[in-house]
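Enquirer: predicted model, plus sequence, below.
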Amino acid sequence: MSILSLCLIQFFNLKKGESVNLLEIKGVYKCYNEKQKPKVYAVHNISLNIKKGEILGLVGESGCGKSTLGKMLLKLEQPTRGRIIFNRHDITDYSFNQMRKIRNSMQMIFQGTANAFNPYFTVKQIISEPLNNYSSESAEEKEKKIVAMLEKVGLNHTYLTRYSQEMSGGQRQRVGIARALILNPEFVVCDEAVSSIDYALKRQILTLLIDLKRQFDLTYLFISHDISAVNKICDRVVVMYLGNIMEIISGINDKVQHPYTKALLAATLVPDPKKRSKNMVLLREGEELKIPEKGCVFQNRCLYTQEVCKTKQPALVPHNDEHYIACHFCCKNRI
Ligand SMILES: Nc1ncnc2c1ncn2[C@@H]1O[C@H](COP(=O)(O)OP(=O)(O)OP(=O)(O)O)[C@@H](O)[C@H]1O
């Protein structure tokens with residue numbers, strides 16, 4: 001088949017509204033200590049596609065493997081097993097030099113905490129760093145670019161000479177966003193980009209991220225503990241528990257099915273007391289959280305565990321078009 005016919009097929013598929021995958025994650029595992037027995041996986045057999053232009057949310061309790069997965073997609077961590085395809089290229093075994101060539105297409109926004117940046121660097125130095133590594137433009141051109149980017153994130157040239165300790169959390173967050181976007185990436189991992197900032201500022205940063213996504217045609221993996229932020233910004237949400245995907249859904253709302261996602265939802269604060277659901281107690285006081293050797297990874301905390309959950313790990317299966325659940329008892333086609 002000629003290149004022209006392949007392009008035509010892709011063009012007509014896009015016209016029909018079919019989306020293109022920017023990232024394909026195929027059976028990815030991460031084990032930090034391979035010598036340990038039994039092996040403990042921070043990420044366990046995750047398969048997932050991230051569509052071009054999508055904002056994919058990633059939620060779950062602390063330590064469930066969200067950042068590890070995000071870092072593996074950017075190749076800041078090497079998967080133990082599985083494949084990562086970016087823009088139709090298998091980058092799993094890319095060397096440092098091969099990654100250098102595409103590093104500008106994939107960036108990360110970290111939490112804008114006080115120690116997020118080198119305290120001896122000015123804003124200009126912070127944002128220049130990726131430019132110095134990847135661009136051969138003159139110093140003047142770089143400065144022009146930095147000022148233009150600062151303006152895009154709601155700051156101005158007067159911030160160029162500031163140090164990170166001379167800024168508020170929100171201003172630091174904006175500098176972090178400017179630094180991540182200065183190389184004009186396609187894919188950005190936002191790791192807790194709105195954590196520990198107040199409600200009004202959170203709304204501003206979320207609005208800014210949505211605006212920038214439109215302006216720069218970005219695709220985000222949005223990692224967060226904050227269910228309301230995830231619901232505001234994301235097209236789909238992946239719910240992780242102990243390295244495994246429990247559910248994929250359009251939002252954490254009353255359509256969630258998995259007992260773990262229901263518990264996450266019940267734990268969120270709802271302003272209207274009449275709409276609040278009862279908190280579900282998933283772990284009794286003093287009880288230790290253990291990763292089961294077989295069966296469903298959530299069996300020790302689930303309120304509905306049956307015999308089959310102790311022996312057989314449920315597969316992630318479609319409930320409907322965009323809704324996937326890994327539970328023996330949630331899906332219509334199951335046991
Ligand atoms: N470099 C590392 N070496 C060893 N273990 C690690 C390393 N990084 C993460 N882990 C472990 O992997 C598991 C997943 O960690 P990860 O940071 O991905 O979780 P997370 O869901 O992002 O947590 P949080 O929300 O608190 O950031 C944890 O048990 C953690 O202790």
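Expert: Now that the structure is in, tell me what you want to look at. Numbers count the residues shown, from 1 in each chain.
Enquirer: contact residues of the chain facing the ligand?
Expert: Neighbours of the ligand within the chain, by CB under 6 Å from any ligand atom: Y32, A42, G60, S62, G63, C64, G65, K66, S67, T68. Every residue, glycine included, has its C-beta placed from N, CA and C.
Enquirer: sort out for me which of these are in strands.
Expert: With strands defined by DSSP state E, the entries of those inside them are A42.
Enquirer: dump the residues of the chain next to the ligand into a markdown table; add neighbour count and pLDDT as well.
Expert: As requested, the residues of the chain next to the ligand are arranged in a markdown table below (neighbours: other CB atoms under 10 Å; pLDDT from 0 to 100):
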| residue | neighbour count | pLDDT |
| --- | --- | --- |
| Y32 | 13 | 93 |
| A42 | 21 | 94 |
| G60 | 24 | 93 |
| S62 | 7 | 88 |
| G63 | 12 | 89 |
| C64 | 22 | 91 |
| G65 | 22 | 94 |
| K66 | 25 | 95 |
| S67 | 20 | 94 |
| T68 | 20 | 96 |
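Enquirer: of the residues of the chain next to the ligand, which belong to helices?
Expert: In helices, defined here by DSSP state H, the members of the residues of the chain next to the ligand are K66, S67, T68.
Enquirer: returning to what we had before: any chance of TSV for the residues of the chain next to the ligand, columns distance to G154?
Expert: Rendered in TSV, the data for the residues of the chain next to the ligand read as follows (distance: CB to CB, whole Å):
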residue	distance to G154
Y32	38
A42	35
G60	30
S62	30
G63	33
C64	32
G65	33
K66	27
S67	26
T68	31
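Enquirer: farthest pair in the residues of the chain next to the ligand?
Expert: The most widely separated members of those, counting by CB to CB, are Y32 and G60 (17.4 Å).
Enquirer: buried set for the lengthiest helix in the chain?
Expert: With residue count as the measure and DSSP H as the assignment, the chain has helix 199-216 as its longest helix. Of the residues in helix 199-216, those scored as buried under the neighbour-count criterion (16 or more other CB atoms under 10 Å) are L201, K202, Q204, I205, L206, L208, L209, L212, K213.
Enquirer: I84: which element?
Expert: strand 81-86 (DSSP states H and E).
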